[in-house]
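S.K.: Coordinates for the following, if possible.
(one chain, ligands or ions: 4)
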Amino acid sequence: MPLSNRSTLTQYLIEQRRRFPGASGELNALLLDVSLACKAIARAVALGELGGSSGDVEMVGGAVNVQGEVQKKLDVLSNEVFIRRNEWSGHLAGLASEEMAEPYQIPANYPRGKYLLVFDPLDGSSNIDVNVSVGSIFSILRAPDEVTQTGRDVKEADFMQPGSTQVAAGYALYGPTTMLMLSVGNGVAGFTLDPNLGEFMLTHPDVRVPEDTREFAINASNSRFWEAPIKRYVDECLAGATGPRGKDFNMRWIASMVAEAHRILMRGGVFMYPRDKKPSPQTSALRSSPPEGVAGTLGSGPARARDPMLNAGRLRLMYEANPVGFLMEQAGGRASTGRQPVLGVQPTELHQRIGLVFGSKNEVERIERYHQQPA
Ligand code: AHG
Ligand code: MN
Ligand code: MN
Ligand code: MN
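M.R.: Ligands and ions are numbered 1, 2, ... in the order given. Prediction:
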């Protein structure tokens, strides 16, 4: 299709807003600011060493974030870009990020709005210095009425909303092309950045995840720490055509979840980063998170006794699992903790981790069945 016939991100958002007569257009303006942040990060990523932003943050003893991870310069730069591109607009009551321990308060000289922006400014940081695709992930929630009515500073509790309440979510993928994948609750659309125009052009108007797949993604070096249902699923995939699945599988692991999610949105697949028994000394306090199924979590059933050795895995609920889970569900795929839909988990901490399985519906449902069967 010739470029002149393609919609821009702005056009798509306006057309989507027409579904809600009387809508203010604030969400659209916010999403355009987020997309500008992604364009700026895309440029910094593309410059690599030339931009002076590769490598670890240079501080005595290195900079370690609230996750217990050594921060890359681009982690910090990307976080700054998201803040500067969004704090001024008057659409946000507050922001929260992987790279900030506490929520970010909108400075007093800027107006405050009705949305909360939660983001992973640079996903796949360990790949940045080896020139492998990385991305940014964002999630938009409504601030509680009391926050918007009073204009008060935001607190962690204001962000504790299940993924099902997200107003919009998406990611930018900084790969051979820069792409933006977005859902405003009406399916998933994909946009490709035209670097000459500086515009995200609509290239994938209605993304659907194939319900079946022969491709799975998991970090197999953790296999000795997996719970039995995951081990069973992976062993069956590895057994191939002569095993219980009766077909051969392929495996991928990029270590940038955004890149894995994109592959799955484009051609199907299943991604697993399950909760596991991996001891992680430097982040033991952080890697463990409230046990899933804790009383009060939506649809979780009775609280389960917590296995002290059980970690919640590596991925974070608020700014990795929920936004990607929202996209997967909107595209006809499925996103689960293995035991319940991830979008139904009631968050209790901003940086809490969660076991995550997402992708082709039939495969995720199989993995959930294996978790329901007695050990
Ligand atoms: P981040 O770079 O934002 O900290 O996230 C990295 C995550 C995710 O993108 C990826 O799937 C996973 O970490 C890779 O984990 P391993 O390094 O354990 O494979
Ligand atoms: Mn990180
Ligand atoms: Mn990440
Ligand atoms: Mn990150």
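
S.K.: What count of nearby residues applies to the closest residue to ligand 1 within the stretch 251-375 of the chain?
M.R.: As assessed by C-beta to the nearest ligand atom, ligand 1 sits closest to Met257 within the stretch 251-375 of the chain, at 3.5 Å. C-beta coordinates here come from the backbone N, C-alpha and C atoms, glycine included. Each residue near Met257 was counted by other C-beta atoms under 10 Å, and the total is 24.

S.K.: Isn't it up against Ser125?
M.R.: No - the pair Met257 / Ser125 is not scored as a contact, 11.3 Å apart, by C-beta atoms under 8 Å.

S.K.: Quick check: residues of the stretch 51-200 of the chain near ligand 4?
M.R.: 98, 120, 122-123 (C-beta under 5 Å from the ion).

S.K.: again, 8 Å this time
M.R.: Taking C-beta under 8 Å from the ion as the contact definition, the stretch 51-200 of the chain meets ligand 4 at 75, 98-99, 120-125, 137.

S.K.: So which of those residues sit within strands?
M.R.: 120-123, 137 (DSSP state E).

S.K.: Out of those, who's the most crowded?
M.R.: Neighbour max across these (other C-beta under 10 Å) = Leu122, 31 neighbours.

S.K.: Need the per-residue pLDDT for Ser136.
M.R.: For Ser136, the model assigns a pLDDT of 98.

S.K.: In the beta-sheet assignment, what are the partners of it?
M.R.: Taking DSSP bridges, one obtains Ala172 as the residues bridged to Ser136.

S.K.: Tell me if I'm right that it and Ile41 touch.
M.R.: Yes - contact criterion C-beta under 8 Å: Ser136 and Ile41 qualify, at 5.8 Å.

S.K.: joint contacts of these two?
M.R.: Shared contacts of Ser136 and Ile41 (C-beta atoms under 8 Å, 6 or more residues apart in numbering): 78, 121-122, 172, 174.

S.K.: Close to ligand 3: what parts of the stretch 151-300 of the chain are there?
M.R.: Within the stretch 151-300 of the chain, the residues that sit near ligand 3 (C-beta under 8 Å from the ion) are 256-258.

S.K.: Those residues in helices, which ones?
M.R.: Using DSSP state H, the members of these that fall within helices are 257-258.

S.K.: Close to ligand 1: what parts of the stretch 151-300 of the chain are there?
M.R.: 219, 255-257 (C-beta under 6 Å from any ligand atom).

S.K.: ok, and which of the ones in strands among the residues of the stretch 51-200 of the chain next to ligand 4 reach ligand 1?
M.R.: Near ligand 1, by the rule C-beta under 6 Å from any ligand atom, you find 120, 123 out of these.

S.K.: Closest one of the ones in strands among the residues of the stretch 51-200 of the chain next to ligand 4 to Phe249?
M.R.: If you rank those by distance to Phe249 using C-beta to C-beta, Asp123 comes first, at 25.0 Å.

S.K.: And the residues of the stretch 151-300 of the chain next to ligand 1, which of them are buried?
M.R.: 255-257 (16 or more other C-beta atoms under 10 Å).

S.K.: and of those residues, the nearest to Asn5?
M.R.: Once C-beta to C-beta is applied, the member of those that ends up nearest Asn5 is Ser256, at 32.1 Å.

S.K.: Need the per-residue pLDDT for the closest one.
M.R.: 98.

S.K.: for the nearest residue to it once chain neighbours are set aside, what are its contacts?
M.R.: Distance criterion C-beta to C-beta, 6 or more residues apart in numbering; nearest residue to Ser256, sequence neighbours excluded, is Gly124 at 2.6 Å. Residues near Gly124 by C-beta under 8 Å, 6+ apart: 132-135, 254-259.
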